[in-house]
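A.B. asks: please find the sequence and the predicted model below.
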Amino acid sequence: MKIIVGVKRVLDYNVKARVKSDKSGIELQNVKMSMNPFDEIAVEEALRIKEAGHAEEVIAVSIGPAQSQETIRTALAMGADRGILIETDEQLQPLAIAKLFKHVIDKESPGLVILGKQAIDGDNNQTGQMLSALTGMNQATFASKVEFDGDAALKVTREVDAGLESIRVAMPAIVTTDLRLNEPRYAKLPNIMKAKKKPLDVLAVADTGVDTTSKLSVVEVNEPPKREAGIVVKDVAELVEKLRNEAKVI
Amino acid sequence: MSYTAPVQEILFTLTDVVGLADIAALDGFSDASPDLVEAILDESAKFTADVLAPLNWIGDQQGSSLADGVVTTPDGWKEAYAQFVENGWGSLSFNPEFGGQGLPMSVAAAVQEMWHSANMSFGLCPLLTQGAVDAIEHHGSDEQKATYLPRMVEGSWSGTMNLTEPQAGSDLAAVRTRAEPDGQGGYLITGQKIYITYGEHDLTENIVHLVLARLPDAEPGVKGISLFIVPKYRVNDDGSLGDRNDVTCVSLEHKLGIHASPTCVMSYGDNGGAWGELVGEAGRGLVYMFTMMNQARHAVGVEGYGIAERAYQKARDYAKDRTQGKTLLGKSEDDQNIINHPDVRRMLMSMRSSVEAMRALALECAAAFDIASRHTDPDVAARHQRRGELLTPLVKGWSTELGVELCSLGVQIHGGMGFIEETGAAQFLRDSRIAPIYEGTTAIQANDLVGRKTARDGGQGMRELLTDMRETQAALEAADHVELTAIARRFGPALDASEGAVDWLLGQNDPTLPAATSVEFLMMVGRLAGGWMSARIALAAWKRQEDADADRAWLQARITLARYFAQRTLPLVEASHTIVVDSAESTIALDIAQL
């Protein structure tokens, strides 16, 4: 069985995001970029499944600019077997990304696709679900535990608002990862060096025949309003009054 | 007390200042391409920040402890070391034949800086193993290499260096530990060794001690000293561990700093003799030790600025947060943190600019050794070997002395809080203080620089260095850039002053006067070399500014830091010249009775 994992190059989670002066988006020039943390968890899960003998190959797929090769190399250094980059300089929307993933899936026929539940830049939380609809593969989103139930199905524990939900999905399936699924490993030095020699195919969006025209346009990006300084209220009555009339929360 | 490795600075120094591409072009170093080195630095940054740095304070407070000959490292250290081995960090620059990754010394040094910034006490264990591996690889038999190296390169066995004895510190000719043939090709070792870093601990399955000792018929002095391998557990023919050897840790030193690093008194042969095997030829022990001395001293120099980098990060974060008094540089009422006091800026700029200069000098030195080890043209190789050897006492002596000064500035920026242990700034100062002492004190480095590295070849290596520096000066002047010109204005006179001091030194027939001011000479050349390297950082940054994707603000900061270093530190070179020449006689003039 093959496993496909999605790895997206995003603004490093330690970096404070800054809006571009023309409000067209986030400043990405000369800031540290890394793999989306949810995708690191996806890679880790795929590797554990392979190490447990359930899969033969883990393929890391990224869609983005040429530098996304570095992100794929990171996945290869963790232990993925090969990489595929669909290169584009456009900021693609989830639907276009899902269609491009489908293109790869049609070619590779994986038994399992593991994606982050969302990327920390767009916070869309859509790609996995859309990909499920496009491919007809089963979906198990927000996974916090993935177990094999026989050879052809998974038992997945999902983090939902009410608590934990356990579902069984037949494969081929799409799993999206939640934060508590696992703790990603550090890449080992020998594997970092080997990663350079692992195969990495690069194709253009045009090669896939997928129409990536966006139906959305960004009007403006703004920083969240600055938090105002707090005040000290003199008694409970004033607190209640303010909560009711100013904050309007009670 | 977090740590963020300065990956961008380190990588830029490697690629744009010391010439990583030239090294990667050499036979055997082709793996060291910039993208791979960046991937290595990134992962090392993650590992050191997440795993090693959080254990630094615990290590200081708990320290390692000894009970019944067993040394226990602080909580979490064993797990961290296991991860360190598992992730292959110990094998960085070692020979691929024994499982190493064969990376250049310059790349290894770049990674090792992070170990020492994150946790200097931890970094010492692999540092010592490295020295022991080098000794066995260069001088051991094929059988010894096969027995010990694979596990040591992997890190599951560690190594130690047993040189010092109570009466034999800087003067190793006084070594008394004895080695008697056991009649079966081995030796029985008896004696006591002190200051043995990681002489006993619980991080690895076995510890391979390299011990200097005398054979029964050995002549007195250094020529009678031989080198022995004495493993904690003897190794069976199939590679498994056999009997516990007759070597024990009898006490741990109570130290000013590096509390987690066990500094052991080792006793050999309390029960008849510790089994050992001779390395190479009898009587060559000290020579063998010296072949790895450059590497070990370089590694300690890296500690010098590694710990200062950590002290800088902590002081900077505190200065950005703490408010005290109305500042002269603050632009509004919300902008009154102490970082806006000009004098706090002075301290932070001194720390930052010095660390960048020291790092560049250490990587330049390592790059010289890399080229010397692999270049096919023997003349080029020899010139780089000379350069690496000349720079080594500067990396060790200057960077560790300056490292202590900078860690002290780190305390100062914290004010009274800096003097309180819980703040954590004091630990860096305490830890940093050992670096100018071990692996040869600053005075030993100064003797090495003045005697072996300057006078012995009639100043050839030093003149070559000064000539290269003149080229940099010419490039600064030719740039016609206001800040580069400002650097040139300070670098030129510093070069003239240093040449004057070198001339004076080479003109002395009696070594007494040069010895009296040799440390000042070392600090003078260190500052000059630091100014040279920071000027080269500035030139490299200036050249990059026109790149389409250039991080201009970051590059501009490199130029301004270099200008600060030139204006704040290079004038001291001129003063040092005067001190070297003028104060030599008065240094030794007083009758001892008056002291």
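C.D. replies: That came in fine, so what should we check first?

A.B. asks: kindly state the pLDDT recorded for the residue in the stretch 201-350 of chain B positioned nearest to chain A?
C.D. replies: Nearest residue of the stretch 201-350 of chain B to chain A (C-beta to the nearest C-beta) works out as B:D334 at 10.2 Å. In short, each C-beta sits where N, CA and C put it, glycine included. At B:D334, the model reports a pLDDT of 84.

A.B. asks: show me what contacts A:R158?
C.D. replies: A:A140, A:T141, A:F142, A:A143, A:S144, A:L164, A:E165, A:S166, A:I167, A:D178 (C-beta atoms under 8 Å, 6 or more residues apart in numbering or on different chains).

A.B. asks: before we move on, what about B:A515?
C.D. replies: Counted by C-beta under 8 Å, 6+ apart, B:A515 has contacts B:N447, B:V450.

A.B. asks: and it, helix, strand or coil?
C.D. replies: Following DSSP: H, G, I helix; E, B strand; the rest coil, B:A515 is assigned to helix.

A.B. asks: B:A443 versus that one, what's the distance?
C.D. replies: For B:A515, the distance to B:A443 (C-beta to C-beta, to the nearest Å) stands at 9 Å.

A.B. asks: grab the longest strand from chain A for me.
C.D. replies: The longest strand of chain A (DSSP state E) is strand A:138-148.

A.B. asks: now it: buried residues?
C.D. replies: Judged by neighbour count using 16 or more other C-beta atoms under 10 Å in any protein chain shown, the buried positions of strand A:138-148 are A:N138, A:Q139, A:A140, A:T141, A:F142, A:A143, A:S144, A:K145, A:V146.

A.B. asks: excluding residues flanking it in the chain, which one is nearest the second one?
C.D. replies: Taking C-beta to C-beta, 6 or more residues apart in numbering or on different chains, and ignoring the residues beside it in sequence, A:Q139 has A:S132 as its nearest neighbour in space, at 3.7 Å.

A.B. asks: ok, the third one next?
C.D. replies: With C-beta to C-beta, 6+ apart as the criterion, A:A140 has its nearest non-adjacent residue at 3.8 Å, and that residue is A:V156.

A.B. asks: what's the local residue count around B:G155?
C.D. replies: 23 (other C-beta atoms under 10 Å in any protein chain shown).

A.B. asks: wouldn't it be in contact with B:T129 here?
C.D. replies: Yes. Using C-beta atoms under 8 Å, B:G155 is in contact with B:T129, at 6.9 Å.

A.B. asks: for the residue found closest to A:M171 once you drop the neighbours it is linked to in the chain, grab phi and psi.
C.D. replies: Of all residues beyond its chain neighbours, the one nearest A:M171 is A:G111 (5.0 Å), with distances taken as C-beta to C-beta, 6+ apart. A:G111 adopts backbone torsions of phi -80, psi -20, taken as degrees, to the nearest 10.

A.B. asks: ok, now which ones touch A:G111?
C.D. replies: A:M1, A:K2, A:I3, A:A55, A:M171, A:P172.

A.B. asks: which one of the contacts of A:R158 is nearest chain B?
C.D. replies: Of these, the one sitting nearest to chain B (C-beta to the nearest C-beta) turns out to be A:D178, at 20.8 Å.

A.B. asks: which residues in chain A form helices?
C.D. replies: Counting by DSSP state H, residue ranges of the helices within chain A are A:37-51, A:68-78, A:94-108, A:127-135, A:189-195, A:205-208, A:236-245.

A.B. asks: deepest-packed of the ones you listed, please.
C.D. replies: helix A:68-78 (a mean of 24; mean count of other C-beta atoms under 10 Å in any protein chain shown).

A.B. asks: so that helix, near chain B or not?
C.D. replies: Yes. Applying C-beta under 8 Å from any C-beta of the partner chain, one finds helix A:68-78 touching chain B at A:E70, A:R73, A:T74, A:A77.

A.B. asks: also compute the angle for that helix relative to helix A:37-51, please.
C.D. replies: Helix A:68-78 runs at 40 degrees relative to helix A:37-51, counting by axes from the mean of the first three to the mean of the last three C-alpha atoms, to 10 degrees.

A.B. asks: so which of the contacts of A:G111 is the most crowded?
C.D. replies: Counting by other C-beta under 10 Å, top hit in the contacts of A:G111: A:I3 with 27 neighbours.

A.B. asks: how close does that one sit to A:L47?
C.D. replies: 9 Å.

A.B. asks: touching both of those two, which residues are there?
C.D. replies: Common neighbours of A:I3 and A:L47 (C-beta under 8 Å, 6+ apart) are A:V58.

A.B. asks: got phi/psi on B:A274?
C.D. replies: phi -90, psi 130.

A.B. asks: phi first, then psi, for the closest residue to A:D89 other than its chain neighbours.
C.D. replies: Setting aside the residues directly before and after it, A:D89 is nearest to A:P65 in space (C-beta to C-beta, 6+ apart), at 5.3 Å. Dihedral angles of A:P65 (phi, psi; degrees, to the nearest 10) stand at phi -70, psi 170.

A.B. asks: A:P65 is in contact with A:T88, isn't it?
C.D. replies: Yes. Counting by C-beta under 8 Å, A:T88 is a contact partner of A:P65 at 7.2 Å.

A.B. asks: please identify which of these two sits among more neighbours.
C.D. replies: Legend: neighbour count by other C-beta under 10 Å for A:P65 and A:T88, higher for A:T88 (19 against 16).

A.B. asks: which residue, other than its chain neighbours, is closest to the more buried one?
C.D. replies: A:V205 (4.9 Å).

A.B. asks: which residues touch that neighbour?
C.D. replies: A:V205 touches A:I86, A:E87, A:T88, A:L100, A:T212, counting by C-beta under 8 Å, 6+ apart.

A.B. asks: where along chain B do the strands fall?
C.D. replies: With DSSP E as the criterion, chain B has strands spanning B:65-67, B:70-72, B:157-162, B:178-181, B:187-197, B:206-214, B:225-231, B:233-235, B:241-244, B:247-252, B:263-268, B:274-279.

A.B. asks: and the ones you listed as CSV, adding mean pLDDT?
C.D. replies: Formatted as CSV, those follow (pLDDT from 0 to 100):
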stretch, mean pLDDT
strand B:65-67, 97
strand B:70-72, 97
strand B:157-162, 96
strand B:178-181, 96
strand B:187-197, 97
strand B:206-214, 97
strand B:225-231, 97
strand B:233-235, 97
strand B:241-244, 96
strand B:247-252, 97
strand B:263-268, 97
strand B:274-279, 97
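
A.B. asks: want to throw those into CSV with mean neighbour count and distance to B:E86?
C.D. replies: Listed next are the strands of chain B as CSV, based on neighbours: other C-beta atoms under 10 Å in any protein chain shown; distance: least, C-beta to C-beta, whole Å:
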stretch, mean neighbour count, distance to B:E86
strand B:65-67, 12, 25
strand B:70-72, 16, 21
strand B:157-162, 27, 15
strand B:178-181, 19, 36
strand B:187-197, 21, 23
strand B:206-214, 25, 17
strand B:225-231, 25, 23
strand B:233-235, 16, 22
strand B:241-244, 12, 20
strand B:247-252, 19, 26
strand B:263-268, 23, 26
strand B:274-279, 23, 30
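
A.B. asks: which strands and helices sit next to the lowest-mean-pLDDT helix or strand in chain B?
C.D. replies: Sorting the helices and strands of chain B by mean pLDDT, DSSP states H and E puts helix B:285-291 at the bottom, at a mean of 88. The contact analysis (3 or more C-beta pairs under 8 Å, 6 or more residues apart in numbering or on different chains; DSSP states H and E) places helix B:285-291 against helix B:105-139, strand B:206-214, strand B:225-231.
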